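Trainee: What follows is a predicted structure for the sequence shown.
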2 protein chains.
Amino acid sequence: MMVGMDEARQHEPRWLSDDEQGVWRAFRQAVGMLNAHTETQLQHDAGMPQAYYEVLVELSESPDQVMRMSDLAIATRSSRSRLSHAVAKMEAKGWVRREACPTDKRGAFAHLTPAGFEAIKAAAPGHVEAVRAAVFDQLTAEQVRMLGEISEAIRDGLRPRCPEVERRLSAEDGDPAAEDGDGDDTGRAA
Amino acid sequence: MMVGMDEARQHEPRWLSDDEQGVWRAFRQAVGMLNAHTETQLQHDAGMPQAYYEVLVELSESPDQVMRMSDLAIATRSSRSRLSHAVAKMEAKGWVRREACPTDKRGAFAHLTPAGFEAIKAAAPGHVEAVRAAVFDQLTAEQVRMLGEISEAIRDGLRPRCPEVERRLSAEDGDPAAEDGDGDDTGRAA
DNA sequence: CAGTTGTAGTTGAGCGCTCAACAAAGAGCT
DNA sequence: AGCTCTTTGTTGAGCGCTCAACTACAACTG
């Protein structure tokens, strides 16, 4: 049991060098502070967390300010659960309206309301200014370019293994201990 | 009302260019996925969130595995409140022990226990491997170097204005609306 | 067509974090 | 000494997120 890690167990772990450790710590610090900064900025000035902001942005850029819940979840890199909770809250605030899908009866659309549009319109300038001041004003053009490349490399490297599939893959190496409740024998109804 | 922002209101906001927006989005995606990845990795393999891991690391590297709560809070870039809650949980798990400070009677030490040391010792290889695979294996040496510089620039640019002081500064520009409950008239007791 | 498998979305419990309020003690001032 | 200001740490409420369970429908299969 406790299979989990495929590597990092039989061989001596590939520890980080001092330089790498320095880079990693600086990165963690920068990301942590930046996140805290933009988070409280948005919460304070616009009364919404950053995650909601990104949902509204995505919706506002969509053809008719409408999106399927699932697509919206993918676009914002959030779980369906998270998005569902989030949209529920934003619906209560009047920023988003839910609508049933006629062709696929389990589906739902999330619709940006005029009030939601106003909310993001009001939030955007302050947020963009905060991002510019914290990031782009601190970097040279060359560094900005590199940050883009670096981010893409990390993101693309993570894409294949990132979704919650993770440990589902580990089942491939012959471990039949699939006791994580996947194949749940739901007592069907109706 | 809705004063808040010092800049980004009288002038037209300095919107991001298309390139900058692309960089910013890739960065957000990378950070979001990376965070989710390491978070679930640690939670899954070691039963602790990343924040606790960093607390244990900081403690384990300290001279006698002891630190003042405040210093520990600063070192981990967390609020006193957060650390207090975290240490409470970790104390319940037997990873940390609290100890009163003899010279300053309001102070407290956080002490890493042997069990805590074992916990982080067990957690480290998997976590380091995840970080290496997600970050350093994806980047060239040059990119790693640049990531360090970029992170330092962002972090150092944020350091002055980052603490919760933020809006306390905005009171300097002549806005007397200090109704955010700062100067709280605590009813003394004895 | 029934039976199975996959997909879309919701729900509630539990957890970590934030925020404001608080208690207790040090530090400075008169 | 007494008074205020500051620092240290804790606490509880509220919130967003995760995780697992669940409903409901769609799509594939024999």
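Mentor: Nice, I can see it. Numbers count the residues shown, from 1 in each chain, chains lettered A, B, ... in the order given.
Trainee: Can I get the helix or strand containing residue A:131 as CSV, trimmed to CA atoms?
Mentor: Assigned by DSSP states H and E, residue A:131 belongs to helix A:114-134. The C-alpha trace of helix A:114-134 is given here as CSV (Å, rounded to 0.1, in the frame of the first residue of the first chain):
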residue,chain,number,x,y,z
PRO,A,114,-26.1,43.9,-16.9
ALA,A,115,-25.3,44.3,-13.2
GLY,A,116,-22.5,41.8,-13.6
PHE,A,117,-21.2,43.7,-16.5
GLU,A,118,-21.2,46.9,-14.5
ALA,A,119,-19.5,45.1,-11.6
ILE,A,120,-16.6,44.0,-13.7
LYS,A,121,-16.4,47.3,-15.5
ALA,A,122,-16.0,48.9,-12.2
ALA,A,123,-13.5,46.4,-10.9
ALA,A,124,-11.2,46.2,-14.0
PRO,A,125,-9.3,49.5,-13.8
GLY,A,126,-8.1,49.0,-10.2
HIS,A,127,-7.2,45.4,-10.8
VAL,A,128,-5.3,46.1,-14.0
GLU,A,129,-3.4,48.9,-12.4
ALA,A,130,-2.5,46.7,-9.4
VAL,A,131,-1.2,44.0,-11.8
ARG,A,132,0.7,46.5,-13.9
ALA,A,133,2.3,48.1,-10.9
ALA,A,134,3.2,44.8,-9.2
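Trainee: Show me what counts as buried in it.
Mentor: A:116, A:119-120, A:123-134 (16 or more other CB atoms under 10 Å in any protein chain shown). Quick note: C-beta positions are derived from backbone N, CA and C, even for glycine.
Trainee: for the record, mean pLDDT for it?
Mentor: If you average the pLDDT over helix A:114-134, you get 97.
Trainee: Check whether it comes near DNA strand C.
Mentor: No - for helix A:114-134, no contact with DNA strand C is found by CB under 7 Å from any atom of the strand; the gap never falls below 13.9 Å.
Trainee: Span of stretch A:61-73 from start to end?
Mentor: Length of stretch A:61-73, first residue to last, CA to CA, to the nearest Å: 15 Å.
Trainee: pLDDT averaged over it, what's the number?
Mentor: 96.
Trainee: dump the residue contacts of the residue nearest the centre of chain A.
Mentor: Nearest to the mean C-alpha position of chain A, by CA atoms, centre = their mean, lies residue A:77 at 3.5 Å. Residue A:77 makes contacts with B:29, B:32-33, B:36, as judged by CB atoms under 8 Å, 6 or more residues apart in numbering or on different chains.
Trainee: max-length helix in chain A?
Mentor: In chain A, with assignment by DSSP state H, the single longest helix is helix A:18-46.
Trainee: buried residues in it?
Mentor: A:20, A:23-34, A:36-38, A:40-42, A:45-46.
Trainee: and it with DNA strand D, contact?
Mentor: No - Helix A:18-46 lies apart from DNA strand D when judged by CB under 7 Å from any atom of the strand; the minimum separation is 8.2 Å.
Trainee: Tell me the helices and strands packed up against whichever helix or strand comes after that helix.
Mentor: Downstream of helix A:18-46, the next assigned helix or strand under DSSP H and E is helix A:50-60. On a contact count with 3 or more CB pairs under 8 Å, 6 or more residues apart in numbering or on different chains; DSSP states H and E, helix A:50-60 meets helix A:18-46, strand A:66-68, helix A:69-75, helix A:80-93, strand A:96-100, strand A:108-112, helix A:114-134.
Trainee: same thing but 10 Å
Mentor: Other helices and strands packing on helix A:50-60, by 3 or more CB pairs under 10 Å, 6 or more residues apart in numbering or on different chains; DSSP states H and E, are helix A:18-46, strand A:66-68, helix A:69-75, helix A:80-93, strand A:96-100, strand A:108-112, helix A:114-134, helix B:18-46.
Trainee: does any bit of the last one sit next to DNA strand C?
Mentor: No - contact of helix B:18-46 with DNA strand C is not found when judged by CB under 7 Å from any atom of the strand; the minimum separation is 8.2 Å.
Trainee: before we move on, back to that, for the helices and strands packed on helix A:50-60, which one sits closest to residue A:140?
Mentor: helix B:18-46 (12.8 Å; CB to CB).
Trainee: related to what we said a few turns ago, could you figure out how far the helix holding residue A:131 is turned away from helix B:18-46?
Mentor: Comparing the axes of helix A:114-134 and helix B:18-46 via axes from the mean of the first three to the mean of the last three CA atoms, to 10 degrees yields an angle of 90 degrees.
Trainee: elements contacting the next helix or strand after helix A:114-134?
Mentor: Helices and strands here follow DSSP H and E; after helix A:114-134, the next one along the chain is helix A:141-158. Judged by 3+ CB pairs under 10 Å, 6+ apart, helix A:141-158 is in contact with helix B:18-46, helix B:114-134, helix B:141-158.
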